[in-house]
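**Q** Sequence and predicted model, in that order:
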Amino acid sequence: MESLLRKAVAQSGADFVEARWDEAAWSRVAFQRDQLMALEQSAEAGGIVRALSGGAWGVASFTKAEDIEEAAKNAIRLAKIGARHVKEPEGIAEVPVEEARHQAELEHDFREVPLERKRELAERYNKLILGVSPDIVSTSVRYTDLLRRSTYANSEGAFIYQELPDVTLLLAAVARKNGDVQQAFESIGEAGGYEIAQDHEAKAEEAAQRAVQLLSAEPVKGGTYTVILDPELAGVFIHEAFGHICEADFLFRNAHMRKVMEIGRTFGVEELNVVEDGYIPGKRGNVPYDDEGVRRRKIHLIKNGILNELMHSRATAAKMGMQPTGNARAVSWEHAPIVRMRNTYIEPGSARFEDMLKGIDRGIYAKAAFGGQTQFEQFTFSAAYAYEIQRGEVGPMVRDVVLTGNVFHILKNIDMIGDDFTLQGGSGGCGKGGQFPLPVTDGAPHVRVNQVTIGGR
C-alpha cells in the first residue's frame, strides 16, 4: 500500500495532493434485558484522496487499493473545476514533512479473543445487573473493540502509518417502581487491549444499585446554587460547552463567535488551565499524527484563565496565520478530516474536596453526565445523579438535575479547582459534521462553581 500511495500523490497537476487508506476491524456484543441483540465481527477498508488546486479542494474516495491513482486523478480534476468558481481561495499552512510508523501495543490483543468469550463476558455483566434487585426491569450492556490501521501520504513527501485501538464497555440499568422509571450507567473506554473490558463486575452492580436508589431520590428543587461538578461531569462540560467553540472551523462559520473567541481574552480565574493534548498513552483520544500527517501537539486552550490557543487543521491555520495543532481528524476513510478534539481536560488545581464543601449552606454535588446540548455559548446538561450539599456536608441523593447557562459565565464563576483528577474515555464518542462516533477523552478534577441555574420542581 505504501508504494501505491506514494505514487498516487506524486502526480502533477495540483498544488497539493494527499491520500489516506484506512483498514478497520471490529467486533461488537450487545445485550438488552435478557436478549442478545448483537454478536458480530466485521472489517472494511477504503481510501480518500484530497487535492488542492487554485485554492479549491477536490475529493474522491475509493474502496479498492488498485483504484487509488484513478481517484487521485478525479480529485485533481474536481479541484480544477472548483478553482474556476472559488470566491475565497483555500490554502494550507506549512508543517514539517514527517515519516513515521506507529504500532499499537496491546497487553491482551482483542483480535486473539474468540467472539464467544466476548459474548460470555457481556452476558456475565448483564446477569449481574439483572440480579441486583427485582426493580431492575431492563439493561443495556455493550462491548466493542476496534483496530484502525491508517496509512497516509502526501505530495510534500510525508508518509505516516499508525494503528489506533479502541475498546469500550457500557453497563446500564433501568429500574421501575410504581410507574416511576430511572436509569444509571457506567461507561468505560480506552485505547488498549481486551483487558480494558475485564473485571468490571463491581461497576455493573454499582450501576444497578444506583438506578434503584434513584427511584427513592427526590427531584431537585429548581433554583440557583453553588455546584460542585465531579471530574466526569466537569470533563464533559469542558469538552461540549467550551471545546467545540475552540475549533477553528466552527469559528469561521460564526462571525459573532469569532469576535468572542479572541486570543488573550480572560475567560476564567487565574488557576483555570484547559488543555487539548494529542497523545496520552492508553487514552481514546490518542492521535500520534492527525489525518493530515501533522504531529501531535499539546496546547493550552486556556492558560491561567486566558484564552491562549485554538484547535486547527492546516487550512484553518493558514486562514488565521497560526500553526496547525494536529487536530484534523476523520472518523473513517469515507470522510475528509475536519477540526476535532482529542484529549481535552481541565488541569488540577489546589483545593481538597473537603475544603470545597466548606461554606456551602445549600448546594448541589452533580455527578456524571447523562446528556445535554449546546448552542454557541449556551448549554444545557443533565447530571446522571446528584446529592444535596447541606451545611458543608454531602447529603441525600437528588435526581432530575439539569444545569443551564452561559459557558463564559460558568468559567468566570469557578472559584475552586480540585487537586484530584480523572481522565476518562467512556463508551460513546464525539459527533460533528456527520462524523460519529469519534474516540475522544475528556477529564477534570472536581470544580466548584457559584451561581449555577438548575432546573427542577
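**A** Cool, got the structure.

**Q** I'd like to know which elements the helix or strand hosting residue 188 is packed against.
**A** Element membership for residue 188 (DSSP states H and E) is strand 180-190. If you count contacts as 3 or more Cβ pairs under 8 Å, 6 or more residues apart in numbering; DSSP states H and E, strand 180-190 packs onto strand 159-177, helix 201-216, strand 378-390. Just so you know, the C-beta spots here come from the backbone N, C-alpha and C atoms, and that holds for glycine as well.

**Q** those helices in this protein, which residues are they?
**A** 2-9, 68-83, 115-130, 201-216, 231-237, 248-252, 255-260, 314-320, 353-357, 407-412 (DSSP state H).

**Q** Adding mean pLDDT, distance to residue 189 and mean neighbour count, write those out as CSV.
**A** Listed next are those as CSV, based on pLDDT from 0 to 100; distance: least, Cβ to Cβ, whole Å; neighbours: other Cβ atoms under 10 Å:
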stretch, mean pLDDT, distance to residue 189, mean neighbour count
helix 2-9, 94, 30, 18
helix 68-83, 97, 32, 20
helix 115-130, 98, 15, 18
helix 201-216, 98, 13, 19
helix 231-237, 97, 12, 26
helix 248-252, 95, 24, 20
helix 255-260, 93, 30, 12
helix 314-320, 97, 28, 21
helix 353-357, 98, 25, 17
helix 407-412, 96, 25, 19
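
**Q** among these, which is nearest residue 98?
**A** Between residue 98 and those, the shortest separation by Cβ to Cβ is 12.7 Å, and it involves helix 314-320.

**Q** Residue 421 touches residue 444, doesn't it?
**A** Yes. Residue 421 is within contact range of residue 444, at 7.2 Å (criterion: Cβ atoms under 8 Å).

**Q** More neighbours: which of the two?
**A** Set side by side, residue 421 and residue 444 show unequal neighbour counts under other Cβ atoms under 10 Å, the larger going to residue 444 at 30 against 17.

**Q** Relative to residue 341, how far out is the more buried one?
**A** Between residue 444 and residue 341 the distance, using Cβ to Cβ, to the nearest Å, works out to 14 Å.

**Q** ditto for residue 246
**A** Noted for residue 246: a distance of 8 Å to residue 341, by Cβ to Cβ.

**Q** residues shared between the contacts of the two?
**A** 276, 311 (Cβ atoms under 8 Å, 6 or more residues apart in numbering).

**Q** gap between stretch 120-129 and the chain center?
**A** Between the centre of stretch 120-129 and the centre of its chain there are 27 Å (Cα atoms, centre = their mean, to the nearest Å).

**Q** next one: stretch 213-230
**A** Between the centre of stretch 213-230 and the centre of its host chain there is 26 Å, according to Cα atoms, centre = their mean.

**Q** Could I get the CA-only coordinates of it as CSV?
**A** Output in CSV follows, covering the C-alpha atoms of stretch 213-230 (Å, rounded to 0.1, in the frame of the first residue of the first chain):
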residue,chain,number,x,y,z
GLN,A,213,-31.6,4.3,44.6
LEU,A,214,-32.8,6.9,42.1
LEU,A,215,-36.3,5.5,42.5
SER,A,216,-36.4,6.9,46.0
ALA,A,217,-34.5,10.1,45.4
GLU,A,218,-36.3,13.4,45.5
PRO,A,219,-36.4,15.6,42.4
VAL,A,220,-34.1,18.6,42.9
LYS,A,221,-35.8,21.9,43.6
GLY,A,222,-35.1,24.4,40.8
GLY,A,223,-33.0,27.5,41.7
THR,A,224,-29.6,29.0,41.8
TYR,A,225,-26.9,27.0,43.6
THR,A,226,-23.3,26.7,44.3
VAL,A,227,-22.5,23.5,42.5
ILE,A,228,-19.6,21.1,42.7
LEU,A,229,-19.1,19.2,39.5
ASP,A,230,-17.4,15.8,39.8
